[in-house]
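[1] No letters, just coordinates:
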């Protein structure tokens, strides 16, 4: 049995499990690839939380494919009740490997000599940015920052040290975690499956047709400061000032939406910049495949799916040099970068790139090639192979 620990809240009542659809589909992949019983631990889904989850499904437990258990106690630091600790110890004792996180789980697994693999995603800086995003009060920001630091020291670092291995989602946490555990696997998470990649023939046609029209820029994601959404519009303004012939389509929603619309109007960009409502992922792939360059002004270092999903559409990325994109750009050669917060510099780089069609073509081909080497199937297989190796060594 493999015991998995997840942060996704779930409700299990009267033989029916209420769970996020995307999470459930991912668990079915684990069931198929691992070929062993899986027990999945979750926080209990409250009524208040249920209203905030976009795509919940209700599935009879008999049809789930894996077993779900919910707890009110937190596995992340602090204390758990004696009853919870006893239940956890019983589950860990039945497991060949524990997969997930939480200092309570990791400490119990280590004391019972059951191998535990810890999944880590956000480096300290990214966690700090997300915790303080949109908080104007300096006192509140300081308090949230202190909580993040306390959690990192009390829970994250001990969990990483106690694990037999780390599965690191993205370059920033992969680099940061080297101080706490040398046995690490880097993976790049995205929804881009092999059959979703732009066909080579389709990309070839787009590159030929692009020579006779304005360059199509695109941004999709949350309209929030951490994603640099307003900066994308500022980049467009600077591109227009340089005489670049382009259009920019922005898809998303968030707190900066009205500010972006006002900026576009004030800068007289309405004929070039179009701000859209968010679209579902399959539809988003279609519009992205018709674009030429993704403008990515992410301020934070998080391992956003955006990078690989854009590349899978044959779209190079023009982005800020956060830690994630700096490493991925060096690894893939599929884009350009400028200092974080410098919209003028990024516009300069975009203008130079778009006025060099051969270079833009080359980056587009590299983008598809890199995404093809890191599809969902390939990255997921690397993680499950790693888990199965540990299981087989234990048995």
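    Perfect, I can see it now. Values in this document were obtained by computation on a predicted structure and should not be read as measured data. Numbering: from 1, shown residues only.
[2] Low-confidence stretches in this protein?
    Counting by pLDDT under 70, the chain has low-confidence residues at 51-54, 73, 76-78, 395.
[3] Which parts of it belong to which domain?
    2-191+377-394, 195-372 (automatic domain parsing).
[4] Out of those domains, which is the most enclosed?
    Ranked by mean neighbour count under mean count of other Cβ atoms under 10 Å, the domains of the chain are led by domain 195-372, which reaches a mean of 19. For the C-beta atoms, the positions are set from N, CA and C on the backbone; glycine is no exception.
[5] Tell me how far that domain lies from the chain's centre.
    Taking Cα atoms, centre = their mean, to the nearest Å, the mean C-alpha location of domain 195-372 is offset from the chain mean by 17 Å.
[6] Then stretch 38-49?
    Offset of stretch 38-49 from its chain centre (Cα atoms, centre = their mean): 21 Å.
[7] What ranges does the stretch 101-250 of the chain have for its helices?
    Secondary structure of the stretch 101-250 of the chain, counting by DSSP state H, counting those that start in this stretch: helices at 103-111, 124-132, 138-151, 157-162, 171-176, 200-209, 229-241.
[8] looking at those, which is closest to residue 294?
    Nearest of the helices of the stretch 101-250 of the chain to residue 294, taken as Cβ to Cβ: helix 229-241 at 9.9 Å.
[9] Contacts for the closest one, please.
    In this structure, residues lying in contact with helix 229-241 by Cβ atoms under 8 Å, 6 or more residues apart in numbering are 217, 219, 221-223, 246, 248, 250, 252, 254, 256, 259-260, 263-264, 267, 269, 272-273, 295, 297, 318, 320, 341, 343-344, 346-348, 350-351.
[10] counting contacts, what elements does the lengthiest helix in the chain pack onto?
    Here the longest helix in the chain is taken by residue count, with DSSP state H as the criterion, and it is helix 376-394. In terms of contacts (3 or more Cβ pairs under 8 Å, 6 or more residues apart in numbering; DSSP states H and E), helix 376-394 is packed against helix 21-34, strand 97-100, strand 116-120, strand 165-169, strand 184-187.
[11] who touches it?
    Contacts of helix 376-394 (Cβ under 8 Å, 6+ apart): 2, 29-30, 33-34, 36, 96-97, 99, 115, 117, 164-165, 167, 185, 187-194.
[12] and with 7 Å instead?
    By Cβ atoms under 7 Å, 6 or more residues apart in numbering, the residues outside helix 376-394 that reach it are 2, 29-30, 33-34, 96-97, 99, 115, 117, 164-165, 167, 185, 187-194.
[13] and that helix, how far from the chain's centre?
    Going by Cα atoms, centre = their mean, the spacing between the C-alpha centre of helix 376-394 and its chain's C-alpha centre is 20 Å.
[14] Can you name the residues bridging to residue 296?
    With DSSP bridges as the criterion, residue 296 is bridged to residue 319.
[15] okay but it is in contact with residue 319, surely?
    Yes - look at residue 296 against residue 319 with Cβ atoms under 7 Å: they come within range, at 3.7 Å.
[16] intersection of neighbour lists for these two?
    Common contacts of residue 296 and residue 319, defined by Cβ under 7 Å, 6+ apart, comprise residue 325.
[17] List phi and psi for residue 18.
    Note on residue 18: backbone dihedrals following degrees, to the nearest 10 are phi -100, psi 120.
[18] Just to check, it is in contact with residue 47?
    No - with contact defined as Cβ under 7 Å, residue 18 and residue 47 do not form a contacting pair (10.7 Å).
[19] residues contacting the residue sitting nearest the centre point of the chain?
    The centroid of the chain falls nearest to residue 304 when counting by Cα atoms, centre = their mean (3.6 Å). When the contact criterion is Cβ under 7 Å, 6+ apart, the partners of residue 304 are residue 298.
[20] And stretch 275-289, end to end?
    With Cα to Cα, to the nearest Å applied, stretch 275-289 spans 18 Å between its terminal residues.
[21] no, scratch that, I was asking about stretch 43-62
    Between the opening and closing residues of stretch 43-62 lies a distance of 21 Å (Cα to Cα).
[22] contacts for that stretch?
    Applying Cβ under 7 Å, 6+ apart, the contact partners of stretch 43-62 are 7, 9-11, 15-22, 24, 70-72.
[23] where's the nearest residue to residue 96 once chain neighbours are set aside relative to residue 160, distance?
    Taking Cβ to Cβ, 6 or more residues apart in numbering, and ignoring the residues beside it in sequence, residue 96 has residue 391 as its nearest neighbour in space, at 4.7 Å. Here residue 391 is placed at a distance of 21 Å from residue 160 (Cβ to Cβ, to the nearest Å).
[24] So residue 70: helix, strand or coil?
    On the three-state scheme (DSSP: H, G, I helix; E, B strand; the rest coil), residue 70 is labelled strand.
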